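In: Based on what follows, work out the 3D shape:
(2 chains)
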Amino acid sequence: MAPEDIRQSPLKLTLRRLLHHRLFLLGLGLVSIVAIAALLAPWIAPVDPNKLAMRFKFRPPDGDFVFGTDNFGRSLWSRVIWGARLSMFIGSAVVLINAVCGTAIGAAAGYFRRLDNILMRFNDALMAFPAVLLAIGVTAVLGPSVNDVIIALGIVYTPRTARIVRSSVIVLREMEYVQAAVAAGAGHWRILRRHILPNAMAPLIVQLSFLFAYAVLTEATLSFLGVGAVPPTPTWGNIMAEGRQYMIDAPWIIAIPGIALMITVLGLNLLGDGLRDVLDPRLRIQS
Amino acid sequence: MSLLEVRNLTTAFQTGRGEITAVEDVSFDLNEGEILGIVGESGSGKSVTALTIMGLLPRPPARVAGGSVHFAGENLTNLSDSRMQHIRGPGIAMVFQEPMTSLNPVFTIGDQIMETIAAHERLPQRALFARAVEMLEKVGIASAATRMADYPHQLSGGQRQRVMLAIALVCRPKLLIADEPTTALDVTIQAQILDLLLDLRDEFGMAIMLITHNMGVIAETADRVIVMYAGRIVEEAPVATLFDQPRHPYTRGLLECVPSLTTERDRLIAIPGTLPEPIRRPPGCRFAPRCRFAEPDCAAGIPPLTRLAPGHNAACIHMPEP
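Out: Okay, here's the model as predicted:
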């Protein structure tokens, strides 16, 4: 047997379990709809989301305008689809920042106990702020653009990820196979990379899927409050903020991005629940 | 010069109730190809001795409070971390008690064996694979090339201990420390693993330090035996001498605890009492409170290891004749 063939991973098993988890599949479906819409935005919503057309303003959803138009006659279909693109981009970027920074900080704190106090007290200080307040504070310093919102949300949520990774690492570093690896002459880096981090992945993946939802939700909150990406950037939060004053006469303006947000967050949460059921062995026993 | 020379080794732990010494004034030599058995109850300092040699104790709270460990001429007690990393594996390797938890659950056993080689040698993937398969065959895993792709949970306890041995031996160590390698296994598997250890010793010519509380394991495998009690060596002898003429009352007590098929006996004679807590050790001989030969003068001072015959030492001032 060739060396390439031996890497048949437990991935197959996990995938099979996930494919039998109904709510996970529902979540996956919902998230996929949003993700596909986001990916295909230039083709399925070719109208510029910022193109003004005053003569079409306040058109309710109908055959011409699937999702209707807003107070400037902009196509809500385009705005919501392009908003999905932004939400997905911001969510993914925040998750990526978290995965990298949170893992690095958590692993350092959990593995090198001398760093633990310094890193974790700083972490606690950041976690003591309510997420939205901290994010507002950071965007106030950085400025209101999509990139700054991503950095702000990264700063807000990294401590939570770091905490989860740290607690896994603290447990794993005492495992006998880690001691056995030390006894076989493995160095710190090798032990972290090969023995500790792969075993810490399951709770991290679960955390990141929920974090995606938080990031999307908090980004919308920031936009709605007017401290996120500046209007007319078509984020769901911006659309809802603009539609707020026409809620009685043109309820679709605020309802449609709201429903999109709900579908996304619900989908991501169901996805996360499914991943947790499959990946977290302690909870798996109960179900 | 011996392969391993341990001199007056003392290992202490900082605890909330002050510093305790888990290993005290332990000296012994180990030659190439020799199997040294270390016996004693749980808490007698056997494992701490092994972990001190390997440099695996967390410092703090542990520290080497005195003495030295020389391996192939190098003093291990003041070696840098990176130098120690090079000794672990190709110099000294270790097998642990629990084969069920000593393997990483997320990688195949093949990965884990190849990983160990890769930590010490730069080899192409194919060479790594061949070496790993060869080692698996040596430790008696059937159809080794296929089993390389197995995950630890697909193996039985005995097979996992074989894999642990393969991981320990794949870098051809000069010294193998086996800390209760058979305690967690079935009796039949125990015998197989011990036979395997003997075979591998003959093939690789390595020295083995075999830590156990099982006198039967010692009788079958060791060349020489050290008996430890409460952190100190109480008797040291070649294996035959130890079983025929045990001189320290503790050794005799240990041997009386072993069930025998040849002599008729209604009950096993247990040693009364328990090992003293490290912070409440009695003055003088630490075994005196449990010893049926104890005299008042046993509390006067710690009895020194006294030479009785070449290679046979015991630490008892009365030394009742067997």
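In: List the residues that contact residue B:276.
Out: By CB atoms under 8 Å, 6 or more residues apart in numbering or on different chains, the residues touching residue B:276 are B:230, B:282, B:286, B:289. C-beta here means a position set from N, CA and C on the backbone, and glycine is covered the same way.
In: secondary structure class for it?
Out: Classification of residue B:276 by DSSP: H, G, I helix; E, B strand; the rest coil places it in coil.
In: Can you list the helices and strands that the longest helix seen in chain B packs against?
Out: When chain B is scanned for its longest helix (criterion: DSSP state H), the result is helix B:187-204. Judged by 3 or more CB pairs under 8 Å, 6 or more residues apart in numbering or on different chains; DSSP states H and E, helix B:187-204 is in contact with strand B:35-39, helix B:157-169, strand B:207-212, helix B:215-221.
In: Mind giving me the packing neighbours of the shortest one?
Out: Going back to what we said before, that points to strand B:35-39. For strand B:35-39, the packing partners by 3+ CB pairs under 8 Å, 6+ apart are helix B:46-54, helix B:187-204, strand B:207-212, helix B:215-221, strand B:224-229.
In: could I get those as a markdown table with mean neighbour count and mean pLDDT?
Out: As requested, the helices and strands packed on strand B:35-39 are exported to a markdown table (neighbours: other CB atoms under 10 Å in any protein chain shown; pLDDT from 0 to 100):
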| stretch | mean neighbour count | mean pLDDT |
| --- | --- | --- |
| helix B:46-54 | 24 | 89 |
| helix B:187-204 | 16 | 84 |
| strand B:207-212 | 25 | 91 |
| helix B:215-221 | 19 | 85 |
| strand B:224-229 | 25 | 91 |
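In: Please tabulate those in a markdown table and include distance to residue B:123 as additional columns.
Out: Formatted as a markdown table, the helices and strands packed on strand B:35-39 follow (distance: least, CB to CB, whole Å):
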| stretch | distance to residue B:123 |
| --- | --- |
| helix B:46-54 | 25 |
| helix B:187-204 | 19 |
| strand B:207-212 | 26 |
| helix B:215-221 | 32 |
| strand B:224-229 | 36 |
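In: So which of these is nearest residue B:26?
Out: Closest to residue B:26 of the helices and strands packed on strand B:35-39, according to CB to CB: helix B:46-54, at 5.9 Å.
In: Could you identify the helix or strand that succeeds that closest one?
Out: Downstream of helix B:46-54, the next assigned helix or strand under DSSP states H and E is strand B:62-71.
In: just to revisit the earlier point, what's in contact with the longest helix of chain B?
Out: B:33, B:35, B:138-140, B:157-158, B:161-162, B:165, B:169, B:172, B:176, B:178, B:181-182, B:185, B:206, B:208, B:210, B:217, B:220-221.
In: Contacts made by stretch A:87-99 with the rest, please.
Out: Under CB under 8 Å, 6+ apart, the answer for stretch A:87-99 is A:34-35, A:38, A:146, A:149-151, A:153-154, A:157-158, A:161, A:204, A:208, A:211-213, A:215-216, A:219-220, A:235-236, A:261, A:264.
In: shaky segments in chain A?
Out: Within chain A, the ranges that satisfy pLDDT under 70 run A:1-10, A:281-287.
In: quick one, helices of it?
Out: Secondary structure of chain A (DSSP H): helices at A:11-19, A:22-39, A:41-44, A:76-97, A:103-111, A:113-127, A:131-142, A:146-173, A:176-183, A:188-190, A:197-225, A:236-243, A:251-279, A:281-286.
In: likewise the stretch 201-322 of chain B?
Out: Along the stretch 201-322 of chain B, the segments classed as helices by DSSP state H, counting those that start in this stretch run B:215-221, B:239-244, B:249-256.
In: name the helices or strands packed onto the last one?
Out: Secondary structure elements in contact with helix B:249-256, counted by 3+ CB pairs under 8 Å, 6+ apart, are strand B:224-229, strand B:232-238.
In: What is the last one packed up against?
Out: With contacts defined as 3+ CB pairs under 8 Å, 6+ apart, the packing partners of strand B:232-238 are strand B:18-30, strand B:224-229, helix B:249-256, strand B:312-314.
In: Name the residue of chain B that lies nearest to chain A.
Out: Distance from chain A to each residue of chain B (CB to the nearest CB) is smallest for residue B:89, at 3.0 Å.
In: Up against chain A, what does the stretch 1-150 of chain B have?
Out: B:54, B:56, B:82, B:85-90, B:93-94, B:96, B:98, B:101-108, B:110-111, B:115-116, B:119-120, B:125-126, B:128-129, B:145-146, B:148-149 (CB under 8 Å from any CB of the partner chain).
In: Run a quick neighbour tally on the closest residue to residue A:185 other than its chain neighbours.
Out: With CB to CB, 6 or more residues apart in numbering or on different chains as the criterion, residue A:185 has its nearest non-adjacent residue at 3.0 Å, and that residue is residue B:89. Counted with other CB atoms under 10 Å in any protein chain shown, the neighbours of residue B:89 add up to 25.
In: so residue B:89 touches residue B:173, yeah?
Out: Yes - using CB atoms under 8 Å, residue B:89 is in contact with residue B:173, at 6.8 Å.
In: Read off the pLDDT value for the residue nearest to residue A:185.
Out: Note for residue B:89: predicted pLDDT of 84.
In: From residue B:55, how far out is the residue in chain A positioned nearest to chain B?
Out: Here chain A gets closest to chain B at one residue, residue A:185, 3.0 Å apart by CB to the nearest CB. Applying CB to CB, to the nearest Å, the value for residue A:185 to residue B:55 is 11 Å.
In: Next: residue A:23.
Out: For residue A:23, the distance to residue B:55 equals 50 Å [CB to CB].
In: Kindly report the same for residue B:42.
Out: Using CB to CB, we find residue B:42 at a distance of 23 Å from residue B:55.
In: What sits closest to residue B:218 if chain neighbours are left out?
Out: The nearest residue in space to residue B:218 (CB to CB, 6+ apart) is residue B:37, at 4.1 Å.
In: Now which of the contacts of helix B:187-204 would you call buried?
Out: B:35, B:138-140, B:158, B:161-162, B:165, B:169, B:176, B:178, B:181-182, B:185, B:206, B:208, B:210, B:217, B:220-221 (16 or more other CB atoms under 10 Å in any protein chain shown).
In: was I right about residue B:214 contacting residue B:184?
Out: No - if you go by CB under 8 Å, residue B:214 and residue B:184 don't touch, sitting 11.9 Å apart.
In: The two: who's more crowded?
Out: residue B:184 (19 against 16).
In: The more buried one and residue B:96 touch, don't they?
Out: No - counting by CB under 8 Å, residue B:184 does not reach residue B:96; the two are 9.5 Å apart.
In: for the residue of chain B closest to chain A, what are its contacts?
Out: A:184-185, B:116, B:119-120, B:171, B:173.
In: So of those, which two are at opposite extremes in space?
Out: Using CB to CB, the two most remote members of the contacts of residue B:89 are B:119 and B:173, lying 13.0 Å apart.
In: mind checking which of the helices of chain A is nearest residue B:306?
Out: helix A:176-183 (35.0 Å).
In: That closest one close to chain B?
Out: Yes - applying CB under 8 Å from any CB, one finds helix A:176-183 touching chain B at A:176-177, A:179-183.
In: No further queries at this time; thank you.
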